[in-house]
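Undergrad: Mind folding the following:
(chains A and B)
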There are 2 protein chains.
Amino acid sequence: MSRIVQKFGGTSVGDVERIKKVAERVKLTVDKGNQVVVVVSARAGVTNELTARAKSICDDPSDREMDMLLSVGEQETIALMAIALHHMGVEAVSFTGAMAGIYTDANHTKARIQTIDASAVETQLAAGKTVIVAGFQGINEDGHITTFGRGGSDLSAVALAAALKADNCEIYTDVDGVYTADPRFVSAAQKIPEISYDEMLELASSGSKVMQSRSVEFAEKHGVVFEVRSSFNFNRGTVVKAEVPHMEKVVVRGVAVDKDQAKIIVSNILDKPGSAAKVFTAMAEAGIVVDMIVQNVGRNGIANLTFTVPQGDTRKAQKSLEHVLDEVGGGHVAVHENIAKLSVVGVGMKTHSGVAAALFKGLADADINIDMITTSEIKISVVVDQDRVDEAARITHTAFGLDA
Amino acid sequence: MSRIVQKFGGTSVGDVERIKKVAERVKLTVDKGNQVVVVVSARAGVTNELTARAKSICDDPSDREMDMLLSVGEQETIALMAIALHHMGVEAVSFTGAMAGIYTDANHTKARIQTIDASAVETQLAAGKTVIVAGFQGINEDGHITTFGRGGSDLSAVALAAALKADNCEIYTDVDGVYTADPRFVSAAQKIPEISYDEMLELASSGSKVMQSRSVEFAEKHGVVFEVRSSFNFNRGTVVKAEVPHMEKVVVRGVAVDKDQAKIIVSNILDKPGSAAKVFTAMAEAGIVVDMIVQNVGRNGIANLTFTVPQGDTRKAQKSLEHVLDEVGGGHVAVHENIAKLSVVGVGMKTHSGVAAALFKGLADADINIDMITTSEIKISVVVDQDRVDEAARITHTAFGLDA
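TA: Predicted structure coming up:
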């Protein structure tokens, strides 16, 4: 007997028919004699629908009330899932996040899990029940309902797996697993059988949309091994786990593309201490996440500062910069939106040299210009023209031997 | 400053526009310096929609999971109501039934309130907040969500008014108050300014659909005075309160009609001890509520037993009777569905004689035949042909001086 946490996202439980399908799948695992905890999201579309209803009343609804509102989405799904399981003869019981003992801070709409008191879930498991838990939600110490923001149900699943010392944690989604590249643009992309937390994190922050970073971080911190797999078939997915020595044999685990990037160039500013700080303080105060940063110093103490931000934030970034231009020498701001970021990720980079060179050579051979470069221990990212980034991804995928 | 509980039903909060209208109305009360607790139902239709979704998975979903499912309806409304109030500058906070400290027994889908720990609501009121509470729901001692069944939000409002020692309890609905008769069939019907609990209870049990009996019973038991009024206008409604002497001056407070009645005649049974008991035990075991009962004893120790049941239960009643006919002498069962019950209700009957005579004479003058009769201290009910019951109601309304 194993203890297994299974998480099904909004697409997997999108309507009554899909909920029944998921219930059948859960039953297979239960019938093998396992203890099963099922974490579910709201039906696809419900969260948007509720948000739209709130926004039609008030442009800026309070975070506390949005949590009260949105948490009903998962609560509906857990009840329907329990009903579907009962109908198949599986003894199941549904729990809200609060009832499952998921305690968070008071940071409404983006709460962080602080502790999990899994005793109520343990009691039900011990009684032979399958426990259905509402993902994405918890409760703070004052008894108010909180939610975790995007990807929150993955976090619920990973955190419950940790608290329950589960043998397996399975994240069911609408893709088959983590791929070496986005199969829509790189036809030779392969499913990755296993990947380290760090690689998964770098892929997530590089535009791969499979999971939010914080669920992976939580899993890494608590040593939760999880598998990302499809709820629509029975293929094995991708196992995400701590790095093991043989992983380093693969230099590049995957290639990620992020097209949601804009480049901002602040030119002709004074190259004196504090200029960059002023620019990035302005960005931080506007709540804009800056990704890549390059500073060039020219002659005569004049510098250019180039950085990337999410495309949706370019207007806000320009506005914020207007206020600091005088302070940094009255420079000039230019925005380029036709860019994209290409990243190669792999723990093997730590022990293999020449990765950057191979990446650059491949792109140069195809006459693709590299605009910016950043590196981390297990990642190299470059900015290229958005028009050519898919081609760049295919070339790079081949160059690092990732094609089948 | 008064402390006021206001309850708004599903029609009153049926969509975003209506929720805003209700919020405006609540704000009027708040702006007068009152402490306000608002109890809301699910938006009209939501409960049916959720129920249909559950039934499309399983004909007979578990009560515990139906409570988990249905309670989301009110939770959505409380959040939207709080958001609407914030938008108008009213400091409001939403509470589920559980958060409001409404503790019930474990009788899912028809739970009874056991205690209310109003401390969390008191804290918010003391802090100047308007508190929005989800009606229809509570929590049992094991922390599971429970619901109260039909009319449950009225019960929440009355119970909170009792626990909070509210000065006023206002039940907003889609009718103007309690009428002397159903205005759809008796055009001369008048709104009743005030009515005793007992009259309200007798009217409720006689087909008047304004409120469920148990909310009135709860109010009577805890001495909660409440007003039934419309959420769509500012007219005064009907105040429901303990009987006061001047109420007895009015002999008949109202006329109620219940068309959802069927008459069952069990004829030719042995008139011996236990026959009636066997028949009604069979009904009770089938969960059928029997209303009026008449027994006629004929010659030769043969009796007829006539009683009324809700129309939806006639098939079930016939089936149950088949099993006991042999035991009571092999009698015969006949069902008549074309009947209706007409009741006159008034605390004045306790001190006025001749009410029955006046009722019977009015009907006799119009050549309307009376089939069965029952009486209580403050009510007389008769069964007549369903085709003629509206006419009977009009005649009776006039006979007792209830027309304008």
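Undergrad: contacting residues for A:Glu65?
TA: A:Ala54, B:Ala79, B:Ala82, B:Ile83, B:His86, B:Ser94 (CB atoms under 8 Å, 6 or more residues apart in numbering or on different chains). From N, CA and C alone the C-beta is placed, and that goes for glycine too.
Undergrad: can you do 6 Å?
TA: Contacts here follow CB atoms under 6 Å, 6 or more residues apart in numbering or on different chains; on that basis A:Glu65 touches B:Ala79, B:Ala82, B:Ile83.
Undergrad: ditto for A:Glu327
TA: Applying CB under 6 Å, 6+ apart to A:Glu327 gives the contacts A:Lys278.
Undergrad: From A:Ile302, how far off is it?
TA: Distance from A:Glu327 to A:Ile302, counting by CB to CB, to the nearest Å: 15 Å.
Undergrad: helices and strands of chain A: which one has the lowest mean pLDDT?
TA: When the helices and strands of chain A are scored by mean pLDDT, DSSP states H and E, strand A:293-297 comes last with a mean of 84.
Undergrad: what's the offset of that strand from the middle of its chain?
TA: Centroid separation for strand A:293-297 versus its chain: 29 Å, with CA atoms, centre = their mean, to the nearest Å.
Undergrad: now swap in stretch A:134-151 and tell me
TA: Mean C-alpha position of stretch A:134-151 versus that of the full chain (CA atoms, centre = their mean) differs by 18 Å.
Undergrad: taking the mean pLDDT, what do you get for it?
TA: The average pLDDT for stretch A:134-151 rounds to 95.
Undergrad: Any buried residues in it, and which?
TA: A:134-140, A:144-149, A:151 (16 or more other CB atoms under 10 Å in any protein chain shown).
Undergrad: measure it end to end?
TA: 13 Å (CA to CA, to the nearest Å).
Undergrad: For A:Val228, give its distance to A:Arg236.
TA: 10 Å.
Undergrad: neighbour count winner among these two?
TA: Shown here are A:Val228 and A:Arg236; by other CB atoms under 10 Å in any protein chain shown, A:Val228 has more neighbours (25 against 12).
Undergrad: Tell me the helix or strand right after the helix or strand hosting that one.
TA: Assigned by DSSP states H and E, A:Val228 belongs to strand A:226-230. Once the chain leaves strand A:226-230, the next helix or strand it forms, by DSSP H and E, is strand A:238-241.
Undergrad: Just name whatever secondary elements that following strand is in contact with.
TA: For strand A:238-241, the packing partners by 3 or more CB pairs under 6 Å, 6 or more residues apart in numbering or on different chains; DSSP states H and E come out as strand A:194-196, strand A:226-230.
Undergrad: Buried residues, the strand or helix carrying A:Asp67. List them.
TA: Assigned by DSSP H and E, A:Asp67 belongs to helix A:63-87. Going by neighbour count (16+ other CB under 10 Å), the buried part of helix A:63-87 is A:63-87.
Undergrad: and what of stretch A:221-239?
TA: Neighbour-count burial for stretch A:221-239 flags A:Val224, A:Val225, A:Phe226, A:Glu227, A:Val228, A:Arg229, A:Ser230, A:Ser231, A:Phe232, A:Gly237, A:Thr238, A:Val239 (criterion: 16+ other CB under 10 Å).
Undergrad: got the end-to-end distance for it?
TA: 16 Å.
Undergrad: Over to stretch A:287-294?
TA: Across stretch A:287-294, first to last residue, CA to CA, it's 20 Å.
Undergrad: same check, this time on stretch A:338-349
TA: End to end - CA to CA - stretch A:338-349 spans 29 Å.
Undergrad: Contacts for that stretch, please.
TA: Applying CB under 6 Å, 6+ apart, the contact partners of stretch A:338-349 are A:196, A:199, A:202-203, A:206, A:243, A:247-248, A:250-259, A:261, A:263, A:355, A:359, A:378-384, A:386, A:389, A:392.
Undergrad: Centre of the chain to it, how far?
TA: 16 Å.
Undergrad: next one: phi and psi at A:Asn338?
TA: A:Asn338 adopts backbone torsions of phi -80, psi 50, taken as degrees, to the nearest 10.
Undergrad: That one: neighbouring residues, count only.
TA: A:Asn338 has 10 nearby residues by other CB under 10 Å.
Undergrad: just to revisit the earlier point, direction included, what does the least confident helix or strand of chain A pair against?
TA: strand A:302-309 (antiparallel) (DSSP bridges).
Undergrad: Check which residues of the strand it pairs with are buried.
TA: A:Ala303, A:Asn304, A:Leu305, A:Thr306, A:Phe307, A:Thr308, A:Val309.
Undergrad: Starting from the helix holding A:Asp67, tell me the next helix or strand along the chain.
TA: Using DSSP H and E, the helix or strand that follows helix A:63-87 towards the C-terminus is strand A:92-95.
Undergrad: SS state for the residue in chain A sticking out farthest from the centre?
TA: Here chain A reaches farthest from its C-alpha mean at A:Asn300, the gap being 43.6 Å by CA atoms, centre = their mean. In three-state terms, and counting by DSSP: H, G, I helix; E, B strand; the rest coil, A:Asn300 is coil.
Undergrad: backbone phi and psi for it, please?
TA: phi 60, psi 30.
Undergrad: got a pLDDT number for it?
TA: pLDDT, A:Asn300: 80.
Undergrad: And the strands in the stretch 301-404 of chain A?
TA: For the stretch 301-404 of chain A, the strands defined by DSSP state E, counting those that start in this stretch occupy A:302-309, A:332-336, A:339-345, A:372-376, A:379-385.
Undergrad: Quick check: end-to-end length of stretch A:141-154?
TA: For stretch A:141-154, the first and last residues are 22 Å from each other (CA to CA).
Undergrad: for stretch A:317-335, same thing?
TA: Length of stretch A:317-335, first residue to last, CA to CA: 10 Å.
Undergrad: unless I'm mixing things up, A:Lys241 is touching A:Phe226, no?
TA: No - between A:Lys241 and A:Phe226 there is no contact under CB atoms under 6 Å: 8.1 Å.
Undergrad: A:Ala317 and A:Ser275, how far apart?
TA: 16 Å.
Undergrad: With A:Val382 instead?
TA: Going from A:Val382 to A:Ser275 by CB to CB gives 25 Å.
Undergrad: More neighbours: which of those two?
TA: Between A:Val382 and A:Ser275, counting by other CB under 10 Å, A:Val382 is the more crowded of the two (25 against 20).
Undergrad: Just the pLDDT for the residue nearest to that one when sequence neighbours are not counted.
TA: Once flanking residues are discounted, A:Val382 sits nearest to A:Ile370: 4.8 Å by CB to CB, 6 or more residues apart in numbering or on different chains. At A:Ile370, the pLDDT value in this model is 93.
Undergrad: Measure how buried A:Ile370 is and give me the count.
TA: 15.
Undergrad: Likewise for A:Glu377?
TA: Neighbours of A:Glu377 using other CB under 10 Å come to 9.
Undergrad: ok, it - contacts?
TA: Applying CB under 6 Å, 6+ apart, we find A:Glu377 in contact with A:Lys350.
Undergrad: For it, give its distance to B:Leu70.
TA: 52 Å.
Undergrad: all helices for the stretch 51-200 of chain A, in order.
TA: A:63-87, A:119-126, A:152-163, A:197-205 (DSSP state H, counting those that start in this stretch).
Undergrad: For these, give me CSV that also has distance to B:Ala44.
TA: As requested, these are exported to CSV (distance: least, CB to CB, whole Å):
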stretch, distance to B:Ala44
helix A:63-87, 17
helix A:119-126, 34
helix A:152-163, 30
helix A:197-205, 43
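Undergrad: Go through those helices and name the closest to B:Asn268.
TA: The closest of those to B:Asn268 is helix A:63-87. By CB to CB, the value is 45.8 Å.
Undergrad: Run the angle between the closest one and helix A:152-163 for me.
TA: Angle, helix A:63-87 to helix A:152-163, by axes from the mean of the first three to the mean of the last three CA atoms, to 10 degrees: 70 degrees.
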